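J.: what follows is a protein structure lacking sequence information:
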């Protein structure tokens, strides 16, 4: 490195092992007894950490998708063309069999760890290229919903779980691998899906019903991954135009393929691709349904409940994706600081820079521990610990999405600043991370929606609320500072419960404190003592500072221990 850095310039870290250099991730896999998946994850890590994969990621983001609405003879085709690097990235993800790992349980002889193994694979991939996690997320999240439709599932199961990427634009029956998207957001409603105006009419005059065919009319303001082989779409089931206009028809969920069963293109007309701040490798679109073909999925009038089963998993993916961005920002900042000289010493040896780097590393580790705890809760939801696991799923998943996704935005900006001007140019990996970070905070419900969902779960499901409190009390039993913070949190909740206005107005502050208490408990359980001590003191103590990194009261010995353990490289 000395010869390469004689000009005091530091390139991004590539050709490294993001699993082997991450002790916290290795420990999480060991706790979950996910050893059966470890060989595959190790190979996956070496690939996504390679210079070749970094080049694919750069090319896929530097050459964003392009919409071709018409062919050379004027026929409507609505095709989105991607750079070949996009398909190479997707093909690698497919090859890891991550799409259905949480549900298929392969390897077949593994009794536990499938959710944590999947989360680790997702987390590793997201450190290298985040846009491709959008189709991966939605396809995985659709599986529990689609499995409840036996006739449809029989046709698509093999394509969903395929380890071979198929980039062709062709009918579902002709494809060897399938991707699934979502279509909920409309311009007049945003997160308020109940205000949707898209309408579905039964094709059969005798009526519809579960699994029946419908024709959809309307629009979607954000239609993720328009080249997916099918989308799950929320629309109103109307028997007449009058019902539809009055918004009296119940909402339902529909399977809307790109191609009709008769081999014609479906009437899902892509109006434009969204010119997004980040997430540029991935296509997001605005579409019109012009009597588009769709099949009813789930029960009539249960569209919100059906799609929310999918959204619970996609929100977990947002937490994992933001944790991945946090980790990569931390890795690149620490790598650069170790090798760049300033004021007579390496940046990583400067006390103030050490404070910033250690704070960033703590934020990353705490985010990872929370994300892996949630992944384990999804696996435990079918065990005797079901009630506690469901409490973590339904209460802590939206809480984690609110906090971790926002921290990724602030921390990626701080990491970019550590590289100075070199971090602020488009060719920098940290510039891409910075632009990517806000999407997880917005997609699948903004921060306010997440906080309101936490309140709703606490109010409507007292059994889950009580199970979570009990679990948190167990976690805090051996740490007075965490126990006191938990008690303050509980007292504030009781006070807020008496005032509906205050409960909503204070929701962000309360949910933030909830996540910090949970992260502190997880750090105390699973992190090295120096890391846990530093996190508790800097996030829950009397001198806690969450405004900027590096302003937390960390001791010299704590900082040294954190920085030496956070990135363990062989190179």
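T.: Perfect, thanks for sending it. From a predicted model like this one, the values you see are computed outputs, not experimental measurements. Numbering: from 1, shown residues only.

J.: would you state the strands of the chain in chain order?
T.: Remark: strands assigned in the chain by DSSP state E are 66-70, 76-81, 180-183, 199-202, 213-224, 230-237, 251-257, 268-273, 284-297, 341-342, 345-346.

J.: what residues sit buried inside stretch 491-505?
T.: Residues 492, 493, 496, 503 are the ones in stretch 491-505 that count as buried (16 or more other Cβ atoms under 10 Å). Bear in mind the C-beta positions are built from the backbone N, C-alpha and C, glycine included.

J.: correct me if wrong: the third one contacts residue 511.
T.: The reference is to residue 496. No - applying Cβ atoms under 8 Å, one finds residue 496 not in contact with residue 511, separated by 11.3 Å.

J.: mind showing which ranges of the chain have poor pLDDT?
T.: 1-4, 105-111, 205-207, 240-247, 571 (pLDDT under 70).

J.: which helix runs longest in it?
T.: helix 303-339 (DSSP state H).

J.: and that helix with strand 230-237, angle?
T.: On the basis of axes from the mean of the first three to the mean of the last three Cα atoms, to 10 degrees, helix 303-339 is oriented at 140 degrees to strand 230-237.

J.: how big is the angle separating helix 303-339 from strand 251-257?
T.: Here helix 303-339 runs at an angle of 60 degrees relative to strand 251-257 (the same axes, to 10 degrees).

J.: let the chain start at 777 from now.
T.: From this message on, residue numbering opens at 777, which makes the last subject helix 1079-1115.

J.: pull out the buried residues from helix 1079-1115.
T.: Quick answer for helix 1079-1115 (16+ other Cβ under 10 Å): 1079-1080, 1082-1115.

J.: one more: stretch 1308-1320?
T.: 1308, 1309, 1310, 1311, 1312, 1313, 1314, 1315, 1316, 1320.

J.: if I pick the fourth one, what's in contact with it?
T.: In other words, residue 1311. Contacts for residue 1311 (Cβ atoms under 8 Å, 6 or more residues apart in numbering) come out as 1138, 1141, 1142, 1295, 1296, 1299, 1303.

J.: next: the second one.
T.: Under the criterion of Cβ under 8 Å, 6+ apart, the contact partners of residue 1309 comprise residue 1334.

J.: roughly how far apart are it and residue 1318?
T.: Distance of residue 1309 to residue 1318, computed by Cβ to Cβ, to the nearest Å: 15 Å.

J.: which of the contacts of residue 1311 fall within helices?
T.: Those of the contacts of residue 1311 lying in helices (DSSP H): 1138, 1141, 1142, 1295, 1296, 1299.

J.: quick one: which of these is nearest to residue 1245?
T.: In terms of Cβ to Cβ, no member of those lies closer to residue 1245 than residue 1296, at 15.5 Å.

J.: dump the residue contacts of that closest one.
T.: Neighbours of residue 1296 in contact, by Cβ under 8 Å, 6+ apart: 1142, 1255, 1257, 1258, 1261, 1308, 1311, 1312, 1315, 1316.

J.: what about the fifth one, how many residues close to it?
T.: A total of 23 residues lie near residue 1261 under the criterion other Cβ atoms under 10 Å.

J.: what's the answer for the first one, then?
T.: By the measure other Cβ under 10 Å, the count of residues near residue 1142 is 28.

J.: again with the second one
T.: Burial of residue 1255, expressed as a neighbour count using other Cβ under 10 Å, amounts to 20.

J.: how much space separates the residue lying closest to it once chain neighbours are set aside from residue 1276?
T.: Distances taken as Cβ to Cβ, 6 or more residues apart in numbering place residue 1300 nearest to residue 1255, at 5.2 Å, with adjacent residues excluded. Counting by Cβ to Cβ, the separation of residue 1300 from residue 1276 is 34 Å.

J.: do residue 1074 as well
T.: For residue 1074, the distance to residue 1276 equals 32 Å [Cβ to Cβ].

J.: and for residue 1288?
T.: From residue 1288 over to residue 1276 (counting by Cβ to Cβ), the distance is 20 Å.

J.: same check, this time on residue 1335
T.: In this view, residue 1335 and residue 1276 are 44 Å apart by Cβ to Cβ.

J.: which positions within stretch 851-871 qualify as buried?
T.: Buried residues in stretch 851-871, counted by 16+ other Cβ under 10 Å: 854-856, 858-859, 861-871.

J.: so which of those residues sit within helices?
T.: 861, 862, 863, 864, 865, 866, 867, 868, 869, 870, 871.

J.: just give me the neighbour total for residue 1157.
T.: As a burial measure, residue 1157 scores 17 neighbours (other Cβ under 10 Å).

J.: let me redo that: residue 893
T.: Quick note: residue 893 (other Cβ under 10 Å) scores 30 neighbours.

J.: give me the neighbour count for the nearest residue to it once chain neighbours are set aside.
T.: In space, and not counting its chain neighbours, residue 893 is closest to residue 813: 3.6 Å by Cβ to Cβ, 6+ apart. Other residues within reach of residue 813, judged by other Cβ under 10 Å, total 25.

J.: do I have it right that residue 813 meets residue 889?
T.: Yes - in this structure, residue 813 is within contact of residue 889 by Cβ under 8 Å, at 6.5 Å.

J.: so what sits against both of those two?
T.: With contacts defined as Cβ under 8 Å, 6+ apart, the residues shared by residue 813 and residue 889 are residue 805.

J.: give the buried residues for stretch 834-847.
T.: Residues of stretch 834-847 classed as buried by neighbour count (16+ other Cβ under 10 Å): 834, 835, 836, 837, 839, 840, 841.

J.: nearest to residue 897, of the contacts of residue 1296?
T.: Nearest to residue 897 out of the contacts of residue 1296 is residue 1142 (Cβ to Cβ; 20.9 Å).

J.: quick one, what contacts that closest one?
T.: Residues counted as contacts of residue 1142 (Cβ under 8 Å, 6+ apart) are 1295, 1296, 1298, 1299, 1311.

J.: then residue 906?
T.: By Cβ under 8 Å, 6+ apart, the contact list for residue 906 reads 1055, 1097, 1100, 1101, 1209, 1212.

J.: farthest pair within those?
T.: Longest span within the contacts of residue 906, Cβ to Cβ: 1055 and 1100, 13.6 Å.

J.: pull the residues that contact stretch 1076-1088.
T.: Outside stretch 1076-1088, the residues within contact range by Cβ under 8 Å, 6+ apart are 914, 917-918, 920-921, 958, 960, 969-970, 984-986, 1008, 1010-1011, 1013, 1026-1029, 1073-1075, 1169-1170, 1173, 1220-1221.
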